[in-house]
Structures are given as structure tokens and as C-alpha cells.
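Asker: Have a look; sequence and predicted model below, questions after that.
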Amino acid sequence: MSATSLRLEGLHHITAMTADAPRNVDFYARLLGQRLVKKTVNFDAPDVYHLYYGDEHGKPGSILTFFEFPDAARGTAGDGMVHTIQWRVAAPAALDFWAARLAAEGVATSTAPDGSLRFADPEGLAHELVVAGDLADAPLVADAPDVPAEHALQGFHGVRAYASAPDRSAGLLRTLGLEPDADERTWTAHGADRRGVITYEDAPAGRGRPGAGTIHHVAWSAADDFELDAFRAQAAGAGARPTPIIDRQYFHSVYFREPSGILFELASRDIGFDVDEPAATLGSELKLPPQYEARRADLVTRLTPIVNPRQAEGVAR
């Protein structure tokens with residue numbers, strides 16, 4: 001396969017920050033019905049969680065992850081930051097279901113001009129539900145007992161970001177194979193099986209502030225190390241400064257900032273979350289990278305106790 005024929009398969013995962021892991025788990029795993037597919041720690045700061053939510057099988061395109069920093073102040077999205085996560089649902093009836101479900105929990109919602117449903121998590125991270133329509137992408141659904149399958153979230157549609165000069169990003173996005181709309185504001189990574197979009201919007205006045213409730217980076221989906229190497233070379237040729245390939249245990253990754261300032265990751269989909277625990281019990285136990293296993297007893301005392309809604313009783317660590 002030549003480098004020019006490579007296509008990113010939409011989004012792989014999105015990583016955000018939280019200051020409250022228990023409330024985060026309750027919101028995403030219970031209220032939004034996502035599966036907690038991995039409890040592990042931040043590779044660079046192992047005394048804090050890295051939590052992963054996704055569909056029933058932890059497939060790329062459904063994975064939302066959070067670093068927990070218990071003392072983090074709430075952040076504010078600004079220029080060069082992704083500010084909204086867009087999810088797909090099957091039909092307009094699903095929007096009605098979620099509006100009612102969220103309202104019952106005291107979560108305010110609003111309807112955008114295009115009909116999508118907007119809301120925020122307890123720390124202010126914005127979400128948007130869009131109707132998938134006739135997209136051919138397979139739905140990525142978790143089996144939540146109180147969320148009917150026909151109304152379940154179906155994985156990511158895309159993200160919306162702030163950029164004061166989005167035209168600066170156009171060259172790199174084209175090099176990576178993303179395709180623009182007529183205004184070159186919405187760019188689509190269109191692979192053989194999945195697609196994902198990033199939409200650039202005018203930046204608000206004032207500087208953004210990373211913190212709880214903000215997005216750290218977005219990851220696009222590559223097949224394996226061969227594709228990561230090829231995309232890495234393309235990104236470097238377009239002026240980016242990509243990292244070497246980094247082993248993240250469940251995938252391999254390359255990182256760089258695109259010209260508008262957003263941290264991009266390219267992540268492989270050839271490993272998966274069942275590499276260190278059975279698929280049937282994903283997320284039920286704390287999994288540590290091998291280099292931190294000797295510190296398990298100490299880390300368990302430092303990590304915030306959390307309850308996985310899928311576990312019948314008790315506190316999980």
C-alpha cells in the first residue's frame with residue numbers, strides 16, 4: 001500500500017480532563033450508558049487515573065478517555081482547543097429520549113439550529129448529539145440496561161474546535177487526507193469503514209485555560225505502525241513536528257500540534273483493550289502498565305475510589 005492511498009478511519013479516541021473521577025464515571029458510564037472499558041493510570045503521572053469509555057467492545061471511534069487530576073480547576077476552551085464532542089444517534093426519536101433522560105437528571109439541554117441536541121457534563125465539557133442519517137458507518141453501541149438500543153449513542157461523529165485562523169491548518173489537514181467542505185471549515189477523515197469530522201469555529205475573546213472539563217487531544221485512527229510511520233512522514237513534510245511512535249499498551253501513537261494549536265494524535269487500532277483482560281470483563285479491574293505494576297499497592301491508596309455501574313456491588317479500584 002502506498003502512502004498516498006492511506007486514509008484515516010475517522011476518530012480513534014478523544015481525551016479530556018476531569019477533577020472528579022467518581023462523578024465522571026457516574027455521568028458517562030451510568031447516565032450516558034457508555035461502557036467503562038479500561039481503568040488504568042496516566043503513563044506520565046501514574047498516581048492519577050486514565051479512564052476509558054466506549055462501546056461494548058471498546059472499538060476505535062467510540063473511545064472517550066479522561067485523565068483525573070483531583071485538584072484541577074475548571075478549564076475554559078479557547079483558541080486552538082477542541083470545545084465540543086459530537087456523537088451520533090440513529091434517529092430524531094433518540095434526541096427526544098436523551099432530552100428527557102438528561103432533564104430527569106437535572107442536565108440542561110438545548111436544540112441547535114441544525115436540530116442537534118446540546119448539553120454539558122458536570123464540569124462543563126460540551127456534547128452534541130447528531131442524527132446519523134444515511135451514513136454507512138457501523139453503529140458503535142454499548143449495552144446499557146436502561147438505554148434502548150435504538151436510542152443509544154453510536155460513537156463519535158466529530159469535534160468542534162476554536163481557531164482564530166483556521167486556514168493555517170488547511171495544508172496539514174489535506175496532507176493527512178482530510179477533505180474540506182466548501183468553506184474549508186469542516187474537514188472529514190473518510191476511511192473505508194468510518195469517517196469523522198473536525199469543524200473550526202471562530203475563537204472567543206480571551207485565552208483558553210486547560211483544566212477540568214476541557215479536551216486535551218483528539219486522536220485519529222490509523223491501522224498499524226506501517227500507517228503511523230507513513231502519516232508521521234507526511235505530517236513532518238507538511239511542517240508538523242511529530243513524535244516517534246510511542247507504545248500506549250492498547251495502541252501505538254504519534255503526537256503533534258496542527259497549525260491552529262490543537263494537539264493531534266494518530267493512534268493504531270491493531271492492539272485493543274482486551275490485550276490485558278478478557279473482553280467480557282473490560283473495565284472491572286485496575287490495569288497498570290508493566291513498569292508500574294511493582295507500585296500497585298501504593299498507587300491503589302492514591303487513586304480515588306470509583307464505582308463501576310456494571311459491577312453489582314462494592315467499590316472498585
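Answerer: That came through, no problem.
Asker: pLDDT below threshold where in this structure?
Answerer: 1-4, 312-317 (pLDDT under 70).
Asker: in it, which residue is closest to the centre?
Answerer: residue 14 (1.9 Å; C-alpha atoms, centre = their mean).
Asker: ok, now which ones touch that residue?
Answerer: Residues near residue 14 by C-beta atoms under 8 Å, 6 or more residues apart in numbering: 63, 64, 65, 82, 85, 156, 159, 215, 217, 218, 219. C-beta coordinates here come from the backbone N, C-alpha and C atoms, glycine included.
Asker: Between the residues you listed, which sits nearest residue 129?
Answerer: Closest approach between those and residue 129, by C-beta to C-beta: residue 85, at 9.9 Å.
Asker: beta partners of the closest residue to that closest one other than its chain neighbours?
Answerer: Nearest non-adjacent residue to residue 85, counting by C-beta to C-beta, 6 or more residues apart in numbering: residue 127, 5.2 Å away. Beta-bridge pairing of residue 127 under DSSP bridges involves residue 85, residue 119.
Asker: ok, how many other residues are close to residue 127?
Answerer: Residues contacting residue 127 under the criterion other C-beta atoms under 10 Å number 21.
Asker: coming back round to it: pick out the most distant pair among the contacts of residue 14.
Answerer: Across those, the longest distance by C-beta to C-beta is 15.0 Å; it joins 63 and 82.
Asker: the more surrounded of the two?
Answerer: In this view residue 63 and residue 82 are compared by other C-beta under 10 Å, and residue 63 has more residues nearby, 28 against 24.
Asker: Distance check, the more buried one against residue 12.
Answerer: According to C-beta to C-beta, to the nearest Å, residue 63 and residue 12 sit 7 Å apart.
Asker: ranges for the helices of the stretch 1-150 of the chain?
Answerer: Ranges of helices in the stretch 1-150 of the chain, per DSSP state H, counting those that start in this stretch, are 21-25, 92-104.
Asker: Can you say which of these is nearest to residue 245?
Answerer: Ranking these by proximity to residue 245 (C-beta to C-beta) places helix 21-25 first, at 29.1 Å.
Asker: Please enumerate residues in contact with the closest one?
Answerer: Residues outside helix 21-25 that contact it (C-beta under 8 Å, 6+ apart) are 18, 36, 49, 51, 66, 68, 70, 121-123, 303-309.
Asker: sorry, back to before: wait, isn't the residue nearest to residue 85 in contact with residue 82?
Answerer: No: assessed by C-beta atoms under 8 Å, residue 127 is found out of contact with residue 82, at 11.9 Å.
Asker: mind listing what's buried in stretch 181-190?
Answerer: 185, 186, 187, 188, 189, 190 (16 or more other C-beta atoms under 10 Å).
Asker: Inside strands: which ones of those residues?
Answerer: Secondary structure from DSSP state E places 186, 187, 188, 189, 190 of the buried residues of stretch 181-190 in strands.
Asker: In this structure the second one contacts residue 173, no?
Answerer: Yes: proximity of residue 187 to residue 173 meets the contact threshold set by C-beta under 8 Å, at 4.9 Å.
Asker: any common contacting residues for the two?
Answerer: Common contact partners of residue 187 and residue 173 (C-beta under 8 Å, 6+ apart): 180, 198.
Asker: count of residues packed around residue 197?
Answerer: So residue 197, with other C-beta under 10 Å, has 21 neighbours.
Asker: and it, what are its phi and psi?
Answerer: Main-chain dihedrals, residue 197, degrees, to the nearest 10: phi -120, psi 150.
Asker: do the same with residue 6
Answerer: Residue 6 adopts backbone torsions of phi -70, psi 140, taken as degrees, to the nearest 10.
Asker: for it, what are its contacts?
Answerer: Residue 6 is in contact with 177, 222, 227, 230, 231, counting by C-beta under 8 Å, 6+ apart.
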